[in-house]
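Enquirer: Here is a sequence with its predicted model. Questions after.
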Amino acid sequence: MAVFRSSKSKPESAPAIHSLLSKDVVLTGEINTGSQNLRIEGCVEGTIHSCGEVSIAPGGLVKGTIFAKHLVVTGRAEGTMKITECLEIHGTGYVEGEVEVGSLVVDEGGTLQGVCIRRDQTRSLEGESVAKGGTLALTHTPPPTLEMIESRG
């Protein structure tokens, strides 16, 4: 009997956590992680800069501004978030504020309250989808009404 190996590589594992802010820690100020990943189980009031992944664990809270490549929220984030790649809000996650993302994933039970702008490759405002308070803003004109058609004739 022959043994065949798949040419497919192994699935990527979850990114390693390089820094951890434990659940009893309260930090006020600014965090710069470079490309290192950060997991927050405690409370941060201030600004986070990361070229890696920021993860807010259940019970974790961030109030302020987050600049990150990837943000995963199972806790709570309040403020302004500018995420270059993906924002994931899991079932227990709550995000409130102004959010700019490359892509957005919201699991059942997750909450996004506020304004969300999807960053477009072209960065033109006309091409961006804007959600406000849970509704998606229309980016096209509505169909003409009977009054509009009659006034043209």
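Expert: Cool, got the structure. Numbering: from 1, shown residues only.
Enquirer: G59: neighbour count?
Expert: Residue neighbour count, defined by other CB atoms under 10 Å, stands at 14 for G59. Any C-beta I mention is one placed from the backbone N, CA and C, and that applies to glycine too.
Enquirer: Kindly provide the distance from it to T92.
Expert: Applying CB to CB, to the nearest Å, the value for G59 to T92 is 9 Å.
Enquirer: any residues in contact with both of those two?
Expert: G75 (CB atoms under 8 Å, 6 or more residues apart in numbering).
Enquirer: Low-confidence stretches in this structure?
Expert: For the chain, the stretches flagged by pLDDT under 70 are 1-17, 121-153.
Enquirer: 80 - rerun?
Expert: 1-18, 120-153 (pLDDT under 80).
Enquirer: Strands of that one, start to end?
Expert: 19-21, 26-32, 38-40, 43-49, 53-56, 61-73, 76-89, 94-101, 103-106, 111-118, 130-132, 135-136 (DSSP state E).
Enquirer: Pairing partners for the third one, with directions?
Expert: It refers to strand 38-40. strand 19-21 (parallel), strand 53-56 (parallel) (DSSP bridges).
Enquirer: Using CSV, please lay out those together with mean neighbour count and distance to S35.
Expert: Converted to CSV, the strands paired with strand 38-40 look like this (neighbours: other CB atoms under 10 Å; distance: least, CB to CB, whole Å):
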stretch, mean neighbour count, distance to S35
strand 19-21, 17, 11
strand 53-56, 26, 10
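Enquirer: can you list those in a markdown table and add distance to V115?
Expert: Converted to a markdown table, the strands paired with strand 38-40 look like this (distance: least, CB to CB, whole Å):
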| stretch | distance to V115 |
| --- | --- |
| strand 19-21 | 27 |
| strand 53-56 | 19 |
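Enquirer: Perfect, that will be all.
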